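Trainee: What shape does this take:
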Amino acid sequence: MTVLRDVAETDLDVFYEQQLDPEATAMAVFPARDREAFDAHWRRLLADDSLVKRTIVDGGAVAGNIGCWEQDGRLLVGYWVGREFWGRGLATAALAELVAEIPERPLHAWVASSNVGSIRVLEKCGFVEVERRAEHGEHSGEVIEEILCRLD
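Mentor: Numbering: from 1, shown residues only. Have a look, this model is predicted:
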């Protein structure tokens, strides 16, 4: 089942609404961006051909997004699935499809230790925990425990 396609400009409104969901932001421990910051972020992503960015689709509907980028000497992956699409295996299918597309290894992903669903997605795709860190939240100031997972 193919669930990824290239990002279209028309996907951005859906991505924006999905990242506003308070339950999703709480689970991911990642704050929503306001529209101006969101648009600026996606303009940078879409302009950078070195980044892998894909739309996750479910029956033609935009279910979320997934990407891969280099940061701090690591090749990282990250994804966001709209809450109405949770529990369908889309994140797992999308991540499996993405890692099959990217030949470089290792791949890494940071995930909040409280985000059990995302940890399970990473494990299903072969990622293993290699490190933990406690970070102060960028906006909240609260301490967030994160797990670094790696796929060799």
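Trainee: where along this structure do the strands fall?
Mentor: Taking DSSP state E to define them, one finds strands in the chain at 4-6, 52-58, 61-71, 74-81, 107-112, 128-136, 143-151.
Trainee: on contacts alone, who are the packing partners of the first one?
Mentor: Identification of packing neighbours for strand 4-6 by 3 or more CB pairs under 8 Å, 6 or more residues apart in numbering; DSSP states H and E yields strand 52-58, helix 90-101. Where you see a C-beta, it was placed from the backbone N, CA and C, and this is true even at glycine.
Trainee: got CSV for those, with distance to Leu4, mean pLDDT and mean neighbour count too?
Mentor: Formatted as CSV, those follow (distance: least, CB to CB, whole Å; pLDDT from 0 to 100; neighbours: other CB atoms under 10 Å):
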stretch, distance to Leu4, mean pLDDT, mean neighbour count
strand 52-58, 4, 97, 20
helix 90-101, 5, 97, 20
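Trainee: Distance check, the spatially most central residue of the chain against Val143.
Mentor: The centre of the chain sits closest to Tyr79, judged by CA atoms, centre = their mean, with a distance of 1.7 Å. Between Tyr79 and Val143 the distance is 24 Å, computed by CB to CB, to the nearest Å.
Trainee: swap in Thr2?
Mentor: Between Thr2 and Val143 the computed distance is 39 Å (CB to CB).
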